[in-house]
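Colleague: how does the following fold in three dimensions:
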Amino acid sequence: MDLPRILSALSEPTRLGAMQIIWDGGEHCACELMSRLNATQSRMSRHMGALKAAGLIVDRRDAQWVRYRRNPDLPPSVERIIDAVMAAAETNDKVAA
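Modeller: Have a look, this model is predicted:
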């Protein structure tokens with residue numbers, strides 16, 4: 001896995017927000033991500049493409065929508081990095097609130 005690409009993908013606020021939602025292990029519709037992150041479909045699609053290109057997520061088409069989930073084949077070392085980023089982001093969210 002390309003660590004700079006992974007960290008770059010996580011450095012953008014909308015992508016980080018999407019990863020915070022997806023990182024729960026569930027499958028999430030693009031429509032849900034758009035609603036929760038207040039993003040347009042084209043903006044959400046572009047950001048999800050960046051996360052997918054970094055190898056962090058996988059997708060599945062379901063009728064007119066695309067559903068996303070974390071990549072089940074992530075190496076444990078990458079999962080630990082993302083866990084640390086998610087923990088730091090959660091702490092940052094609490095401080096900002």
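
Colleague: chain center to the longest helix belonging to the chain, what's the gap?
Modeller: Using DSSP state H, we find that the single longest helix of the chain is helix 76-96. Relative to its chain's centre, helix 76-96 lies at 12 Å (CA atoms, centre = their mean, to the nearest Å).

Colleague: which strands and helices sit next to that helix?
Modeller: helix 3-10, helix 13-22 (3 or more CB pairs under 8 Å, 6 or more residues apart in numbering; DSSP states H and E). Every residue, glycine included, has its C-beta placed from N, CA and C.

Colleague: now stretch 73-80, how far from the centre of its chain.
Modeller: Relative to the centre of its chain, stretch 73-80 is centred 14 Å away, using CA atoms, centre = their mean.

Colleague: so which bits of it are buried?
Modeller: By neighbour count on 16 or more other CB atoms under 10 Å, the buried set for stretch 73-80 is Leu74, Val78.

Colleague: now do that stretch, average pLDDT.
Modeller: The pLDDT scores in stretch 73-80 average 95.

Colleague: what is the burial count for the spatially closest residue to Thr40 that is not a sequence neighbour?
Modeller: Nearest non-adjacent residue to Thr40, counting by CB to CB, 6 or more residues apart in numbering: Met34, 7.0 Å away. When neighbours are counted by other CB atoms under 10 Å, Met34 registers 18.

Colleague: for Met34, helix, strand, or coil?
Modeller: Counting by DSSP: H, G, I helix; E, B strand; the rest coil, the backbone at Met34 sits in helix.

Colleague: doesn't Ser45 make contact with it?
Modeller: No: at 9.3 Å, Met34 does not count as touching Ser45 under the criterion of CB atoms under 8 Å.

Colleague: residue contacts, the most centrally placed residue in the chain?
Modeller: Most central in the chain under CA atoms, centre = their mean is Met19, positioned 2.5 Å from the mean C-alpha point. Contacts for Met19 were tallied using CB atoms under 8 Å, 6 or more residues apart in numbering; they are Leu10, Leu51, Leu56, Ile57, Ile82, Val85, Met86.
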